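Colleague: Turn this into a model:
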Amino acid sequence: MAANGMHDWSLLKLAVDWPAEQVQLDMRSPDGPRVLVARKLKSLVVPNENPWGPSISINGATGPALAETGLNRLTIEMQSGDLIEIVAAQFQTPEG
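Modeller: You can find the predicted model right below:
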């Protein structure tokens with residue numbers, strides 16, 4: 001996924017399925033709904049501090065990229081200034 005592949009998309013919902021070890025992000029792009037799923041979830045950091053002010057819009061994303069641990073890392077920068085970080089074995093990324 002390109003660094004700005006999700007620029008100006010809206011993050012609508014983030015849901016963790018603990019027993020299934022996965023997280024799903026429901027988003028809206030200019031072309032319609034998009035879903036990202038991370039499987040075999042190892043770490044999820046979701047701050048909601050809004051240092052730049054409240055926003056549901058995504059500024060950009062980096063990854064998923066292979067980390068030194070052998071897992072994949074995706075970082076999503078929100079237009080609020082918060083950084084969402086997901087570390088998982090597999091990602092099903094949205095197209096578009």
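Colleague: how much distance is there from the helix or strand of the chain with the lowest mean pLDDT to the middle of the chain?
Modeller: Using mean pLDDT, DSSP states H and E, the weakest-scoring helix or strand in the chain turns out to be strand 58-66, at a mean of 95. Chain-centre distance of strand 58-66: 7 Å, with Cα atoms, centre = their mean, to the nearest Å.
Colleague: same thing with stretch 82-96?
Modeller: 4 Å.
Colleague: could you give the mean pLDDT of that stretch?
Modeller: Across stretch 82-96, the average pLDDT comes to 90.
Colleague: That one: which residues count as buried?
Modeller: Applying a neighbour-count criterion of 16 or more other Cβ atoms under 10 Å, the buried positions in stretch 82-96 are 82, 84, 86-88, 91, 93-94. All C-beta spots, glycine's among them, are computed from the backbone N, C-alpha and C.
Colleague: do the same with stretch 11-30
Modeller: Within stretch 11-30, the residues scored as buried using 16+ other Cβ under 10 Å are 11, 14, 22-25, 27, 29.
Colleague: Is it possible to get a markdown table of the residues you listed that adds secondary structure and distance to Arg73?
Modeller: A markdown table is the format used below for those (DSSP: H, G, I helix; E, B strand; the rest coil; distance: Cβ to Cβ, whole Å):
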| residue | secondary structure | distance to Arg73 |
| --- | --- | --- |
| Leu11 | strand | 18 |
| Leu14 | strand | 16 |
| Gln22 | strand | 16 |
| Val23 | strand | 13 |
| Gln24 | strand | 17 |
| Leu25 | strand | 15 |
| Met27 | strand | 18 |
| Ser29 | strand | 22 |
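Colleague: Quickly find the element holding Gly80.
Modeller: Gly isn't right for residue 80; it's Ser. Counting by DSSP states H and E, no helix or strand carries Ser80.
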